[in-house]
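Predicted coordinates and the sequence they were generated for:
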Amino acid sequence: MDSLLTLYSITYKDESSPDVIQPSKNYHCYCEFMQEKLIEKFGDNFTDSLLYTADSLRVIKNRNKVFDCGSKSSCWDKPAMFPGDSTYDQTNHSGLQKEFDKLVKYPTNYRTRQGEKSMAMLQVYLDIDKNGSAKVTNTQFVFWDNRTKEEDYNKQYWDYIKSIAIPLIEKTTWRPATIKSIGVKSKNDIFIYLR
C-alpha cells in the first residue's frame, strides 16, 4: 500500500490513541476530513480502487501462499466451488452433496439419522490449489443421536463412505477460491451430509 500511496504523493503517519476514550475529544482523528479531501482530489472511487489494486498486488506477490478463512487477514473474497454449487458457501457445497447422494448406496444395516437435532455427516479438510485441484488432508465423521445420546455409530461403514467421497472430491476440478478475481490456494473445511 505504501508504494501505491507514493505514486499519488500521499504520505501518512500512524498515531496511537489512548485506551480510554472521552466522547468530547477527537484525539487528532481526521478520517472523515481526509476521506473528503481524497474524494475532492482523486474522485469518488479512489479509495476503493486503491484497496482493490493493493489486494491484487498482494495476491500476485504471494502466489504460493495458502489462504485460510480462519483469520480475516488471509481470507478469500469467494470460496472454492464444486461444479453445480448454487451458492457461495465455504462449508456446504450443494453440487458436491448432489453428486455424492447419486453415488452412495446405504447398506441395509446402516443406521439413519433420527430426528432434526441428530447429526450424520462427514467433515472433510482439503486444500484446493489455484487451478482447482483438490487434495483431502483429513476427514472426521460426526454421528450423534439426539434421542439416545449415542455418538460415533456406523463405524463399519466409514471406510465405504470415504471411498466414495474422497475420489469424488479429488478427481473433480473445482473453481478455486478467489481474491479480486485471482485464483488462490485455499484451505477448506466442508461437510457432506449423510442419511
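It's in.

Please identify the helix or strand for residue 100.
Assigned by DSSP states H and E, residue 100 falls within helix 94-103.

again but with residue 125, I slipped
strand 119-128.

Residue 39 now?
Using DSSP H and E, residue 39 sits in helix 31-42.

mean confidence for that helix?
For helix 31-42, the mean per-residue pLDDT is 84.

Would you mark the buried spots in it?
Applying a neighbour-count criterion of 16 or more other Cβ atoms under 10 Å, the buried positions in helix 31-42 are residue 38. Where you see a C-beta, it was placed from the backbone N, CA and C, and this is true even at glycine.

Please apply the same query to stretch 150-167.
Buried residues in stretch 150-167, counted by 16+ other Cβ under 10 Å: 154, 157, 161, 162, 164, 165, 166.

Is residue 50 in contact with residue 3, as I believe?
No - here residue 50 does not reach residue 3: they are 11.3 Å apart, not a contact under Cβ atoms under 8 Å.

circling back: could you give the separation of the strand holding residue 125 from the chain centroid?
Remark: strand 119-128 is offset 14 Å from the chain centroid, using Cα atoms, centre = their mean, to the nearest Å.

can I get the CA coordinates of the helix or strand that comes right after that strand in PDB?
Counting by DSSP H and E, the element after strand 119-128 in chain order, helix or strand, is strand 134-144. Presented in PDB, the C-alpha positions along strand 134-144 are these (Å, rounded to 0.1, in the frame of the first residue of the first chain):
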ATOM      1  CA  ALA A 134      -8.200 -30.700  -4.600                       C
ATOM      2  CA  LYS A 135      -6.300 -32.800  -2.000                       C
ATOM      3  CA  VAL A 136      -8.100 -34.200   1.100                       C
ATOM      4  CA  THR A 137      -5.900 -33.800   4.100                       C
ATOM      5  CA  ASN A 138      -8.100 -35.300   6.800                       C
ATOM      6  CA  THR A 139     -11.700 -36.500   7.500                       C
ATOM      7  CA  GLN A 140     -13.900 -36.800  10.500                       C
ATOM      8  CA  PHE A 141     -17.200 -38.400  11.000                       C
ATOM      9  CA  VAL A 142     -19.900 -36.900  13.100                       C
ATOM     10  CA  PHE A 143     -22.700 -39.200  14.200                       C
ATOM     11  CA  TRP A 144     -25.000 -38.100  17.000                       C
END
